[in-house]
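Engineer: with the sequence up front, the predicted model follows.
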Amino acid sequence: MATQVVDHSALKVNQAGIVLTVLVAFIGSAFYRPLLVLIPLLAVVLLLGTFAPRLALFKQLYFKVLKPRGVVKPRPVQDNPVPHNFAQGLGGVFLAVATVFLLPLPVVGLALALIVAVLAFVNFAFGYCLGCQIYFQLAKAGVIRAS
Amino acid sequence: MSTYLWALAVVGIVVLAAACLEFFRARRARARSIGAVAAASSEPYILYFTGDGCTVCRTHQEPALAKLGDVRVDKVDAIAERALADRFHVYTLPTTVVMSREGAALHVNYGYAPTPKLERQLAEARGTLQVAATA
């Protein structure tokens, strides 16, 4: 198994960031519609963070601000970061699709964004990572090669 | 505003549907796995399916298994040992299977199984064996 040390606090901050951003976009846009722009921005942040971890905004917030100041304590765990990255990328793709629907079919766009937030919350609160389970299923089926 | 309420309703329906799907999927997989065979042992033991990306395995399941004490736990990489994983219909990680002395699956837990649940299942496995032995 290709495990290394993964700081789970960084993952939690990332999940909390996703939940908060979608909630602000969802609730805020009911009163101030331009806040919907947070959804495509979040999609960009997640997709960039997937392919270039240095650009993962929430993780960088954790590593550069929250961790050094002791706001969030590190929680290193022997883990494989690839499935977590895959899950993040999946969230980014869902948000990108949500963005496409936001103007022509806002119900679909908002629902897709909320589903991403719900899954991020489930991961944050209960440690259940649906994206990681999908990664496992794909690896088991031989669609992707487990690293 | 109705757009927002509809969006919430859609999410509620999706979450409910996913929960129902998971319930029936686990039930069907469990029904198919009970009785599946692996290696025999002198005592009931646990087959523990895990994998690279399974965080819950490391943070919850492994500490729970460690608390069982002197119980044999066979750790299986569900991707490397795909044939064995398929035999027990492992569709999620972690999956724990309580095996009888003869090597037959008695209980299958899809997802995290806490220590008391595993202890109960192991005790049942031992009890079942005693009843079978005295019958």
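Structural biologist: Good, I have the coordinates. Numbers count the residues shown, from 1 in each chain, chains lettered A, B, ... in the order given.

Engineer: spit out the contact partners of the residue of chain A most remote from its centre.
Structural biologist: Residue farthest from the centre of chain A, counting by CA atoms, centre = their mean, is residue A:31 at 25.2 Å. Residues near residue A:31 by CB atoms under 8 Å, 6 or more residues apart in numbering or on different chains: none. In this view, the C-beta of every residue, glycine as well, is placed from N, C-alpha and C.

Engineer: got it, and residue A:61?
Structural biologist: Going by CB under 8 Å, 6+ apart, the list of residues near residue A:61 reads A:13, A:17.

Engineer: element containing it?
Structural biologist: Per DSSP states H and E, residue A:61 falls inside helix A:57-61.

Engineer: what of residue A:78?
Structural biologist: strand A:76-79.

Engineer: which parts of that strand are buried?
Structural biologist: Buried residues in strand A:76-79, counted by 16 or more other CB atoms under 10 Å in any protein chain shown: residue A:79.

Engineer: after that strand, next one along is what?
Structural biologist: helix A:81-102.

Engineer: the residue positioned nearest the centre of chain B pairs with what?
Structural biologist: With distances taken as CA atoms, centre = their mean, the residue of chain B nearest its centroid is residue B:109 (2.2 Å). Using DSSP bridges, the bridge partners assigned to residue B:109 are residue B:96.

Engineer: wait, it touches residue B:117, no?
Structural biologist: Yes: checked against CB atoms under 8 Å, the pair residue B:109 and residue B:117 is within contact range at 7.0 Å.

Engineer: I'd assumed residue A:42 was in contact with residue A:98.
Structural biologist: No: counting by CB under 8 Å, residue A:98 does not reach residue A:42; the two are 9.3 Å apart.

Engineer: OK, contacts around the residue in chain A positioned nearest to chain B?
Structural biologist: Ranked by CB to the nearest CB, the top residue of chain A for proximity to chain B is residue A:83, at 2.7 Å. Taking CB under 8 Å, 6+ apart, we find residue A:83 in contact with A:129, A:131, A:132, A:135, A:136, B:52, B:53.

Engineer: how far away is the fourth one from residue B:35?
Structural biologist: In this structure, residue A:135 and residue B:35 are separated by 30 Å, where distance is defined by CB to CB, to the nearest Å.

Engineer: same check on the second one?
Structural biologist: As for residue A:131, its distance to residue B:35 is 33 Å (criterion: CB to CB).

Engineer: which of the two has more neighbours?
Structural biologist: residue A:131 (21 against 10; other CB atoms under 10 Å in any protein chain shown).

Engineer: that one and residue B:38: what is the separation?
Structural biologist: For residue A:131 relative to residue B:38 (CB to CB), the value is 30 Å.

Engineer: do the same with residue B:30
Structural biologist: In terms of CB to CB, residue B:30 sits 16 Å off from residue B:38.

Engineer: residue A:46 against residue A:87, yeah?
Structural biologist: No: applying CB under 8 Å, one finds residue A:46 not in contact with residue A:87, separated by 9.8 Å.

Engineer: all strands for the chain, in order.
Structural biologist: As the question left the chain open, I've gone with chain A. A:4-7, A:76-79 (DSSP state E).

Engineer: wrong chain, I was asking about chain B
Structural biologist: Under DSSP E, chain B gives strands at B:45-50, B:73-77, B:95-99, B:105-110.

Engineer: how about a markdown table for these, with mean pLDDT added?
Structural biologist: Listed next are the strands of chain B as a markdown table, based on pLDDT from 0 to 100:
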| stretch | mean pLDDT |
| --- | --- |
| strand B:45-50 | 95 |
| strand B:73-77 | 94 |
| strand B:95-99 | 95 |
| strand B:105-110 | 93 |
